[in-house]
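A.B. asks: Below are the sequence and a predicted model for it; my questions follow.
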Amino acid sequence: MSSHNEQQETWPEQPPSRKEMSRRQFLTYTLGGATAFMGAGTILPMVRFVVDPILHKKGAGDFIKVAEISKITEEPQEFTFELKQKDGWYDSTATLTAWIRKDAKGDIYALSPICKHLGCTVGWNNDKAHPDEYHCPCHGARYTKLGKNLEVAPKPLDQYKTKFDNGWVLLGDIVPNTVAREEA
Ligand code: FES
C-alpha cells in the first residue's frame, strides 16, 4: 500500500486529455493566425513604403537627349547635360559631362571625363606637351582620342551608352570602354 502511494506521488502529472490539447491548439492557432494577419497588415505597407522607391530608382537605364547629331565633329567636344535622379525619396539633379565625337566612318561615341586613376576630370587637348589627347591635371594621366590609357591611369576612359533619335544623340548609363580596343 505504501509503495503504491509513493508511486503515485513520484509519477509526473497526468498528460492533458485529448480534449484539452485540441482546445489549447485551437487557441494557439487562432491567436497566432490573428496576430500574423494583423502584423502583416501593419508591416507590409511599411516594407512597401521603404522598398518601393528603391525598386523604382530613377536615373539608371534612362537615355537623355544631349546633342544634335549635325553638331558632332571628329574633334571631341564637351557637352553637359542634367540627369534627374530619384534615390529612395530623395530627388536630385546631377550635371554630367560627356566628350562626344565621331570617327572617320561617322560612328559617334561619347566618353566620360572621369579619370580612371583617382577620379579627377580630364580635358581634351589641354596639355601643350601632348596635343590631341585627353589629359588629367591631377597626376598627369593621358588618354588617346578613343580614351585608351597611355600613362598613369590603369584603364581606358569609360563611355556612355549611346542612342540616336530624330537627329539627336541620346546618352545613357556609363559603361566600360569598348572603342579604345580598336586602337591596339
Ligand atoms: S586622378 Fe587623374 S591622374 Fe590621378
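C.D. replies: Good, I have the coordinates. Numbers count the residues shown, from 1 in each chain.

A.B. asks: and this structure, what are its domains?
C.D. replies: 2-55, 64-183 (automatic domain parsing).

A.B. asks: first vs last residue of the longest one, how far apart are they?
C.D. replies: With C-alpha to C-alpha, to the nearest Å applied, domain 64-183 spans 28 Å between its terminal residues.

A.B. asks: Which strands border the longest strand along the chain, and is each parallel or antiparallel?
C.D. replies: Longest strand in the chain, counting residues (DSSP state E): strand 90-102. Applying DSSP bridges to the sheet, strand 90-102 is found paired with strand 77-87 (antiparallel), strand 108-111 (antiparallel).

A.B. asks: remind me which residues of the chain are low pLDDT?
C.D. replies: Residue ranges of the chain with pLDDT under 70: 1-21, 23-24, 26-27, 33-60, 184.

A.B. asks: near the ligand, which residues of it?
C.D. replies: C115, H117, L118, G119, C120, C136, C138, H139, G140, A141, V152 (C-beta under 6 Å from any ligand atom). (Glycine included, C-beta is placed from N, CA and C.)

A.B. asks: which ones are touching the closest residue to the last one other than its chain neighbours?
C.D. replies: In this case it means V152. Using C-beta to C-beta, 6 or more residues apart in numbering and skipping the chain neighbours, the partner closest in space to V152 is A141 (3.8 Å). With contact taken as C-beta atoms under 8 Å, 6 or more residues apart in numbering, A141 is in contact with C115, K116, H117, V122, H135, N149, L150, E151, V152, A153.

A.B. asks: quick one on the thing from earlier: just the domains of the chain: most buried one?
C.D. replies: Counting by mean count of other C-beta atoms under 10 Å, domain 64-183 has the highest mean neighbour count of the domains of the chain, with a mean of 16.

A.B. asks: now F81: how far from I69?
C.D. replies: Here F81 is placed at a distance of 15 Å from I69 (C-beta to C-beta, to the nearest Å).

A.B. asks: Equivalent analysis for C136, please.
C.D. replies: Distance from C136 to I69, by C-beta to C-beta: 28 Å.

A.B. asks: related to what we said a few turns ago, quick one: contacts of the longest strand of the chain?
C.D. replies: 66-67, 72-85, 108-113, 121, 124, 134, 145, 160, 169, 171.

A.B. asks: what separates stretch 152-161 from the chain centre, distance-wise?
C.D. replies: Its chain's C-alpha centre and that of stretch 152-161 lie 18 Å apart, by C-alpha atoms, centre = their mean, to the nearest Å.

A.B. asks: Please save the CA atoms from it in PDB.
C.D. replies: Output of stretch 152-161 as PDB, limited to C-alpha atoms (Å, rounded to 0.1, in the frame of the first residue of the first chain):
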ATOM      1  CA  VAL A 152      49.300  56.800 -65.000                       C
ATOM      2  CA  ALA A 153      45.700  55.600 -65.400                       C
ATOM      3  CA  PRO A 154      45.200  51.800 -65.200                       C
ATOM      4  CA  LYS A 155      42.200  51.700 -67.600                       C
ATOM      5  CA  PRO A 156      40.600  53.500 -70.600                       C
ATOM      6  CA  LEU A 157      38.100  56.200 -70.000                       C
ATOM      7  CA  ASP A 158      34.600  54.900 -69.700                       C
ATOM      8  CA  GLN A 159      32.000  55.700 -72.300                       C
ATOM      9  CA  TYR A 160      28.300  56.400 -72.300                       C
ATOM     10  CA  LYS A 161      25.700  54.100 -73.800                       C
END
